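J.: fold the stuff below for me.
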Amino acid sequence: MSTAVAPALIGSNPRGVPESEVFEQALELGIADLWENVVLGKYIDGELSREEAIELVGLENVQRADHEAAVVEEDVDCGLDA
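T.: As a prediction, this is how the structure comes out:
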């Protein structure tokens, strides 16, 4: 989200939710995203087993990380063959 859009969204509060609650929810979502990225990074780097990663962030997220890692590896292989 661009920095120009965020203040506009916060300023237009159609549900009447207190601004502090909006910021609290944003912070919680940001922390959850950071946690997921750390766990998946450790999984891809081999520091966590697949089972541990699934337990921490769920099967869907681990499958997405597997797919993304495979795509990157494929791109690297294509680049090395060029």
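
J.: can you give me the helices for this protein?
T.: 5-11, 19-44, 50-57, 59-81 (DSSP state H).

J.: other residues contacting the third one?
T.: Looking back up the chat, that one is helix 50-57. The contact list for helix 50-57 (C-beta atoms under 8 Å, 6 or more residues apart in numbering) reads 35-36, 39-40, 42-43, 48, 61-62, 65. C-beta coordinates here come from the backbone N, C-alpha and C atoms, glycine included.

J.: mind listing what's buried along that helix?
T.: Applying a neighbour-count criterion of 16 or more other C-beta atoms under 10 Å, one finds 53-54, 56-57 buried in helix 50-57.

J.: closest to residue 71 out of those?
T.: Nearest to residue 71 among the buried residues of helix 50-57, counting by C-beta to C-beta, is residue 53 at 18.1 Å.

J.: any weak-confidence spans in this structure?
T.: Filtered on pLDDT under 70, the chain yields the residue ranges 1-14.

J.: gap between the residue most central in space within it and residue 78?
T.: Nearest to the mean C-alpha position of the chain, by C-alpha atoms, centre = their mean, lies residue 33 at 4.4 Å. Distance, residue 33 to residue 78, by C-beta to C-beta, to the nearest Å: 30 Å.

J.: repeat for residue 60
T.: Taking C-beta to C-beta, one finds residue 60 at 27 Å from residue 78.

J.: same check, this time on residue 68
T.: Separation of residue 68 from residue 78 (C-beta to C-beta): 16 Å.

J.: comparing the two, which residue is more hemmed in?
T.: residue 68 (12 against 9; other C-beta atoms under 10 Å).

J.: so the more buried one versus residue 41, what's the distance?
T.: If you measure residue 68 against residue 41 using C-beta to C-beta, the figure is 11 Å.

J.: which of the helices of the chain sits most buried?
T.: helix 50-57 (a mean of 16; mean count of other C-beta atoms under 10 Å).
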